[in-house]
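Trainee: Have a look at this fold, sequence not included:
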């Protein structure tokens, strides 16, 4: 008897789990929930402001909440919510998991609703920004943030070490990786602080190294995602240079240390421009410059984030409609304050400068506008979490003095080749 | 009347029973059920695949390494934890000044939040962290504890030992104080030395506690997760990827919920077998168990 009851209870909860996604009644009052990874009060105030405005004209939507999840576990938490039958209506999606979301059928196509929205001007979206979020001519997420990587410089530390600043090097036409490594090394030995920090890399989140190896023309895998790029000559050259810079020249802090540029502990850091807000109350002199040129010339790398509507949402239409409102030209200008917009008409120094008072027009032009125009997006692939984990553990032997760079990179390819083929 | 008694009895156990059914037995059954399916959360597909996930266990090239890491962690933890706990208990069972202070000191980590404890140790174990700073004072260039192939597992084991050794120590202390003093007196008169008294009297008398602590510690060691997630995330390489962390990766990070469920069934089986073995072996070495 008891056994049967357990079985019934198990079946009931399973039914409940699967039924939640079934798309309940579309009509009636809707409450919308959107998962985001920012918990910045400024970001939330902006989003809540736009949401309040939307609800004024849409009384059927009774509430719109923004659910901040920590970035480290963002995708894991989101998929756990999906598995638990508690799917949000809208979600920010990270570039690394974009192919997973776009190709799995978890998101609904957006282009029809967006095109039909009044004054939307869908064709204003720059194709290079929508590419990652498009499959079979359908747009599955709106590229709400397209943020290039640049180098923030603590000019006080550079001067203290008696070196030329990157801005001066750019003027002299010698802002290269060799120069950047030499500068980092000099700051480390003469000013006693860390040289260059690839922010958020921490010898784990290796995809941030795309900002370095791009200078050598290297890539994690081929554009079609089928061929491993780690054992190619460009990557070997890039990683050899990086390894030498870390362990011989000490231009970058080694594994197991965590100096913070924004606390004044490092001369340079590679990160996205949205971090400029951390410099609001800074006492040291700073600058923002493009990534240095490598043997393969100048290049830029962008990080992206999209907003999609979950198919499992009970209010797909309301959610898509709100997304159209959130990203229309007027609101896109507001969002541009924090998130570089994908709209051609807004990718100009005037729009960006209004939202980034800390940055000079020249900095915005050089890093953001030129960067988005020519940038490659950080690596992404279907099954990115598993591939990422494999690369991470295979790369671990590289992060010690005297490592055999070529052999380690070969082992990375051996580890991920079967996953790339899937 | 009798039936009424039964009903009352059932009502009394109902809260506990409902709790167990809802939060233990149903999830347990569901995990077995999921393990027979391919469940892609993103694509919202849930299809029966029979024993395919179990066949994948056999073919998984990463699983042997994971099981090795799990075994290494468990053996290291059980040996060091029980050994140290017993040593501390014997030392602190002496009538000396200050033993109460030391007992409190060794027990206090047990009540500290696990994650907070682990995060602080993470800072201490950094390359330029507190431990290497201390070593440098004595002229030793310490290793990069959490990133060295050989040291990462040892560091994780020690962090966990210091966290929980106090609990086993207190259990041992209580057992030691329950050993009748006459036994020691009689043995001393018979000419037994300190070691003989420990081996022939103390150990047999506290053997039920040794059984209890070893079961708790073995089961706990197989469930280690937070320490790995905070300190090493399974690295360097996969040297600290233990079974629970691996199944978390498979299910929640790689979205293989079916395969992750099969891994948890494997974990369940391992814990069950180990506990049964310990329980059976108790007849051989635990006093008063026949």
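Mentor: That came in fine, so what should we check first? As the structure is a prediction and not an experimental result, all values here were calculated from the model.
Trainee: is stretch B:20-32 anywhere near chain A?
Mentor: Yes: contact between stretch B:20-32 and chain A, assessed by CB under 8 Å from any CB of the partner chain, occurs at B:21, B:22, B:25, B:26, B:29, B:30. The way it works is simple: take the backbone N, C-alpha and C, and place the C-beta from them, glycine included.
Trainee: which phi and psi does the residue of the stretch 101-250 of chain B found nearest chain A have?
Mentor: Taking CB to the nearest CB as the measure, the point where the stretch 101-250 of chain B comes nearest chain A is residue B:127, at 3.3 Å. Geometry field for residue B:127 lists phi and psi as phi -60, psi -40, criterion degrees, to the nearest 10.
Trainee: do you know how far it is from residue A:300?
Mentor: Between residue B:127 and residue A:300 the distance, using CB to CB, to the nearest Å, works out to 32 Å.
Trainee: Skip the chain neighbours and tell me the closest residue to residue A:79.
Mentor: In space, not counting the residues next to it along the chain, residue A:79 is nearest to residue B:41; the distance is 5.1 Å by CB to CB, 6 or more residues apart in numbering or on different chains.
Trainee: Return the residues in contact with that neighbour.
Mentor: Residues near residue B:41 by CB atoms under 8 Å, 6 or more residues apart in numbering or on different chains: A:79, A:82, A:83, B:255, B:257.
Trainee: ok, which pair from the residues you listed is furthest apart?
Mentor: A:82 and B:257 (10.5 Å; CB to CB).
Trainee: Quick one: name whatever helix or strand follows whatever helix or strand residue A:211 lives in.
Mentor: Using DSSP states H and E, residue A:211 sits within helix A:210-213. As assigned by DSSP H and E, the chain's next helix or strand after helix A:210-213 is helix A:233-247.
Trainee: Now that following helix: average pLDDT?
Mentor: Confidence over helix A:233-247, taken as the mean pLDDT, stands at 97.
Trainee: next one: stretch B:243-260
Mentor: Here the mean pLDDT over stretch B:243-260 is 92, rounded to a whole number.
Trainee: related to what we said a few turns ago, in the contacts of residue B:41, which residue is surrounded by the most others?
Mentor: When neighbours are taken as other CB atoms under 10 Å in any protein chain shown, the top entry among the contacts of residue B:41 is residue B:255 (27 neighbours).
Trainee: In this structure that residue contacts residue B:43, no?
Mentor: No: with contact defined as CB atoms under 8 Å, residue B:255 and residue B:43 do not form a contacting pair (9.2 Å).
Trainee: quick one: contacts for the most centrally placed residue in chain A?
Mentor: Against the mean C-alpha coordinate of chain A, by CA atoms, centre = their mean, the closest residue is residue A:303 at 3.7 Å. Residue A:303 makes contact with A:95, A:145, A:147, A:148, A:149, A:272, A:377, A:378, according to CB under 8 Å, 6+ apart.
Trainee: pLDDT at the first one, what is it?
Mentor: You'll see residue A:95 listed with a pLDDT of 90.
Trainee: again, but for residue B:12
Mentor: Note for residue B:12: predicted pLDDT of 92.
Trainee: Please tell me how far the helix or strand hosting it is from the chain's geometric centre.
Mentor: With elements delineated by DSSP H and E, residue B:12 resides in helix B:2-20, which encompasses its position. Average the C-alpha atoms of helix B:2-20, do the same for its chain, and the two points are 33 Å apart (CA atoms, centre = their mean, to the nearest Å).
Trainee: And stretch A:35-51, by the same measure?
Mentor: With CA atoms, centre = their mean as the basis, stretch A:35-51 stands 17 Å off its chain's centre.
Trainee: cool, and stretch A:296-315?
Mentor: Centre to centre, stretch against its chain (CA atoms, centre = their mean), the figure for stretch A:296-315 is 7 Å.
Trainee: Could you do stretch A:272-282 as well?
Mentor: Between the mean C-alpha point of stretch A:272-282 and the mean C-alpha point of its chain there is a distance of 16 Å (CA atoms, centre = their mean).
Trainee: Show me what counts as buried in that stretch.
Mentor: Using 16 or more other CB atoms under 10 Å in any protein chain shown as the test for burial, stretch A:272-282 gives A:272, A:273, A:274, A:275, A:276, A:279.
Trainee: Just to be sure, which of the residues you listed are found in helices?
Mentor: Nothing among the buried residues of stretch A:272-282 maps onto helices, per DSSP state H.
Trainee: how about those residues in a markdown table, adding distance to residue A:394 and pLDDT?
Mentor: Rendered in a markdown table, the data for the buried residues of stretch A:272-282 read as follows (distance: CB to CB, whole Å; pLDDT from 0 to 100):
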| residue | distance to residue A:394 | pLDDT |
| --- | --- | --- |
| A:272 | 26 | 87 |
| A:273 | 31 | 80 |
| A:274 | 31 | 75 |
| A:275 | 29 | 78 |
| A:276 | 34 | 79 |
| A:279 | 36 | 82 |
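Trainee: Using TSV, lay out these together with distance to residue A:169.
Mentor: Compiled in TSV, the buried residues of stretch A:272-282 are given as follows (distance: CB to CB, whole Å):
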residue	distance to residue A:169
A:272	22
A:273	20
A:274	25
A:275	22
A:276	21
A:279	21
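Trainee: rewinding a little: tell me the phi and psi of the residue nearest to the centre of chain A?
Mentor: When quoted as degrees, to the nearest 10, the phi and psi of residue A:303 stand at phi -100, psi 150.
Trainee: bridging residues for it?
Mentor: Beta-bridge partners of residue A:303, counted by DSSP bridges, are residue A:147.
Trainee: Residue numbers of the stretch 101-250 of chain B in contact with chain A?
Mentor: Taking CB under 8 Å from any CB as the test, the list of the stretch 101-250 of chain B residues beside chain A reads B:126-129, B:144-147, B:233-238, B:241, B:249.
Trainee: Not including adjacent chain positions, what is the nearest residue to residue A:396?
Mentor: Of all residues not flanking residue A:396 in the chain, residue B:236 sits nearest, at 4.0 Å (CB to CB, 6+ apart).
Trainee: show me the contacts for that neighbour.
Mentor: For residue B:236, the contacting residues are A:393, A:396, A:397, A:399, B:147, B:148, B:149, B:152, taking CB under 8 Å, 6+ apart as the criterion.
Trainee: so which helix or strand takes in residue A:419?
Mentor: Assignment of secondary structure by DSSP H and E places residue A:419 within helix A:405-421.
Trainee: Tell me where the model's unsure across the chain.
Mentor: This is for chain A. Applying pLDDT under 70 to chain A flags residues A:1-28.
Trainee: if you could check chain B rather than the one you did, that'd help
Mentor: B:1, B:289-290.
Trainee: what about the helices in the stretch 151-290 of chain B?
Mentor: Remark: helices of the stretch 151-290 of chain B, listed N- to C-terminal, are B:151-177, B:181-189, B:194-197, B:203-205, B:207-222, B:226-231, B:243-248, B:257-285; assignment by DSSP state H, counting those that start in this stretch.
Trainee: Give the buried residues for the second one.
Mentor: By neighbour count, and taking 16+ other CB under 10 Å as the criterion, the buried residues in helix B:181-189 are residue B:184.
Trainee: elements contacting that helix?
Mentor: On a contact count with 3 or more CB pairs under 8 Å, 6 or more residues apart in numbering or on different chains; DSSP states H and E, helix B:181-189 meets helix B:194-197.
Trainee: do the same with the longest one
Mentor: Taking 3+ CB pairs under 8 Å, 6+ apart as contact, the helices and strands that helix B:257-285 lies on are helix B:26-34, strand B:37-40, helix B:52-59, helix B:207-222, helix B:243-248.
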